[in-house]
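Chemist: could you work out the structure for the sequence below:
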Amino acid sequence: EGIVGFRLHATLRDGAEGVVVALHVPASDKIHSILDDGTWTRGPASNREMSASEITELSYRRGVRSAESEPVDVDFDLLDSETWRLFVRNRGLAATGIADQLYRIGLAKKVGGELRPLCAAVLLFADSPGALLLAGGTRADVRVFHYKGTVVEAGEIPNLKKTPKTLSAPLYRLIEQTHAYVLNELAEGLTLAKSGFRTLHRYPERVIKEAITNAVIHRDYRMNRDIQVRIFDNRIEVLSPGLFPAPITAATVQRMGSFARNGLVATNLREFPDPPNVDAGEGVRMMFNVMRTSNLYPPQFREMRDQAQEAIVVTLLNEERPPIWEQVSDWIDRNGPVANGSLCQIASVDTLKASKMLKRWVEQGLLVADSSGGKRHTTYSKPAAEAGAGAPVSLSLLSDNEPEE
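Modeler: Here you go, the predicted structure:
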């Protein structure tokens, strides 16, 4: 499915008429195994057969399997919350008892002849899902950090404006509470750490809520890490545990939208009054469009692969987008990396002005510099779809990302 091929008539090396066949096989979001011959992964010099545990891990990372569908050892009574009762009323479920009701809608399964709730049910209906899942080595809360300045300063005294806020609730309410708390933090404006001037945040509310909603719905709930929202003087960062599920990448997320790694969570959230996820896959595109119409830089999506805990980071810059950025962005999309000389022609500016613009865009994470050809031949491109060791994945330090003891 999705394979595209074409034939091109050509003259072969011996002079005879022939045909060259080209096939384009797109990356699959599934794990493919050869019957009776295992599952293989490509290595630098050869292929290697994968073990059962490696296949399972890859299935989770690619979104083929999800922790939400695993049964958990949690009493059904702990799910009989006000949020559950709201869900039952809105959906019109028959009053057969919570265990039977969850079983009938696919949120519980039998294990050894006994019904157990799925992880998705705990996430959706428990008053404190993070606390209940912690015994199994996973987390489900949101932590909000509000920093002074533009970086996390590693020192004896952290540069936090206040004690980090931990939010824990059923996912329907967690999205609402996190959005309200972040907006409250932004409402007063702030005093810039370096200059002392006061400024206002320009972020559209819809974009902030969509970034939070995506993190809560699509994160990898196997991981022992909370979602983090970081507020700086010049940006907001939302860190969601896990990587993009196949076939989404940072380069394709605007075009392809989101992918429901946690289908049970996404589907059942829509059964609440005023559900947070009603965009039918259009939420990410909405983020780009609204930021553009608000004259702000586009949201940045990146993967942090080289950390102890992998994550996706979404960055929203609190800075007006100059008109020249659209021209430069389009030029890079069509022609590849841009150099100082090219920017001089595009923007009709001198070398010094072009250098300052390029330096600023690198600092903001919008561009990545490549000086492999020498400083005078430095080129600049957009961050790679899958950030490598040299690409900036987060504009802040990661000293406070470690799992708590």
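Chemist: what are the ranges of the helices in the stretch 51-200 of the chain?
Modeler: For the stretch 51-200 of the chain, applying DSSP state H, counting those that start in this stretch gives helices covering 52-61, 82-91, 98-104, 119-125, 129-134, 171-187.
Chemist: among these, which is the most enclosed?
Modeler: Each of those was given a mean neighbour count from mean count of other C-beta atoms under 10 Å, and the largest, a mean of 28, is that of helix 119-125. Where you see a C-beta, it was placed from the backbone N, CA and C, and this is true even at glycine.
Chemist: residue ranges with poor pLDDT in the stretch 251-400 of the chain?
Modeler: Segments of the stretch 251-400 of the chain classed as low confidence (criterion: pLDDT under 70) are 257-258, 279-281, 384-400.
Chemist: just the strands in it please.
Modeler: Using DSSP state E, counting those that start in this stretch, the strands of the stretch 251-400 of the chain run over 300-304, 311-317, 338-339, 368-370, 379-381.
Chemist: what do you get for the stretch 101-250 of the chain?
Modeler: Ranges of strands in the stretch 101-250 of the chain, per DSSP E, counting those that start in this stretch, are 108-111, 114-117, 142-146, 165-167, 190-191, 198-199, 227-231, 235-241.
Chemist: in CSV: these, plus mean neighbour count.
Modeler: Output for the strands of the stretch 101-250 of the chain, formatted as CSV (neighbours: other C-beta atoms under 10 Å):
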stretch, mean neighbour count
strand 108-111, 14
strand 114-117, 17
strand 142-146, 21
strand 165-167, 16
strand 190-191, 16
strand 198-199, 12
strand 227-231, 22
strand 235-241, 23
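Chemist: mean pLDDT lowest for which of the ones you listed?
Modeler: Set side by side, the strands of the stretch 101-250 of the chain give their lowest mean pLDDT on strand 190-191, at a mean of 60.
Chemist: hang on, the earlier thing: Throw the helices of the stretch 51-200 of the chain into JSON lines and include mean pLDDT and distance to residue 350, thanks.
Modeler: Listed next are those as JSON lines, based on pLDDT from 0 to 100; distance: least, C-beta to C-beta, whole Å:
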{"stretch": "helix 52-61", "mean pLDDT": "70", "distance to residue 350": "47"}
{"stretch": "helix 82-91", "mean pLDDT": "97", "distance to residue 350": "60"}
{"stretch": "helix 98-104", "mean pLDDT": "97", "distance to residue 350": "67"}
{"stretch": "helix 119-125", "mean pLDDT": "98", "distance to residue 350": "55"}
{"stretch": "helix 129-134", "mean pLDDT": "96", "distance to residue 350": "54"}
{"stretch": "helix 171-187", "mean pLDDT": "96", "distance to residue 350": "37"}
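Chemist: ok, which of those comes nearest residue 346?
Modeler: Nearest to residue 346 among the helices of the stretch 51-200 of the chain is helix 171-187; the distance by C-beta to C-beta comes to 34.0 Å.
Chemist: so what does the closest one touch, helix or strand wise?
Modeler: helix 119-125, strand 142-146, strand 165-167, helix 205-218, strand 227-231, helix 263-269 (3 or more C-beta pairs under 8 Å, 6 or more residues apart in numbering; DSSP states H and E).
Chemist: so which elements touch the second one?
Modeler: Right, strand 142-146. Packing partners of strand 142-146 (3+ C-beta pairs under 8 Å, 6+ apart): strand 165-167, helix 171-187, helix 205-218, strand 227-231.
Chemist: change it to 10 Å
Modeler: Identification of packing neighbours for strand 142-146 by 3 or more C-beta pairs under 10 Å, 6 or more residues apart in numbering; DSSP states H and E yields strand 165-167, helix 171-187, helix 205-218, strand 227-231, strand 235-241.
Chemist: how about the first one?
Modeler: Contact here means 3+ C-beta pairs under 10 Å, 6+ apart; on that basis helix 119-125 packs against helix 82-91, helix 98-104, helix 129-134, helix 171-187, helix 263-269.
Chemist: same check on the third one?
Modeler: With contacts taken as 3+ C-beta pairs under 10 Å, 6+ apart, strand 165-167 sits against strand 142-146, helix 171-187, strand 227-231.
Chemist: who touches that strand?
Modeler: 130, 141-146, 173-178, 180-182, 185, 226-227, 229 (C-beta atoms under 10 Å, 6 or more residues apart in numbering).
Chemist: same check on the second one?
Modeler: When contacts are taken as C-beta under 10 Å, 6+ apart, the neighbours of strand 142-146 outside the stretch itself are 130, 152, 158, 160-169, 174-175, 177-178, 181-182, 185-186, 190, 212, 215-216, 225-232, 237-239, 396, 400, 404.
Chemist: from the middle of its chain, how far away would it be?
Modeler: The chain centre lies 16 Å from the centre of strand 142-146; the measure is C-alpha atoms, centre = their mean, to the nearest Å.
Chemist: may I have it as PDB, with CA atoms only?
Modeler: Only the C-alpha atoms of strand 142-146 are listed here, as PDB (Å, rounded to 0.1, in the frame of the first residue of the first chain):
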ATOM      1  CA  VAL A 142       1.900  17.600  34.300                       C
ATOM      2  CA  ARG A 143       4.500  19.900  35.900                       C
ATOM      3  CA  VAL A 144       4.700  23.600  35.100                       C
ATOM      4  CA  PHE A 145       8.000  25.500  35.500                       C
ATOM      5  CA  HIS A 146       8.100  29.300  35.300                       C
END
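Chemist: mind listing what it pairs with, with the direction of each?
Modeler: Looking at strand 142-146 with DSSP bridges, its partner strands are strand 165-167 (antiparallel), strand 227-231 (parallel).
Chemist: re the thing from before, which one of the helices of the stretch 51-200 of the chain lies closest to residue 302?
Modeler: Nearest of the helices of the stretch 51-200 of the chain (C-beta to C-beta): helix 52-61, 16.5 Å.
Chemist: ignoring the adjacent residues along the chain, who's closest to the spatially most central residue of the chain?
Modeler: Note on the chain: the residue nearest the mean C-alpha position is residue 312, at 3.9 Å, using C-alpha atoms, centre = their mean. Leaving aside its chain neighbours, residue 312 sits nearest to residue 240 (4.8 Å; criterion: C-beta to C-beta, 6 or more residues apart in numbering).
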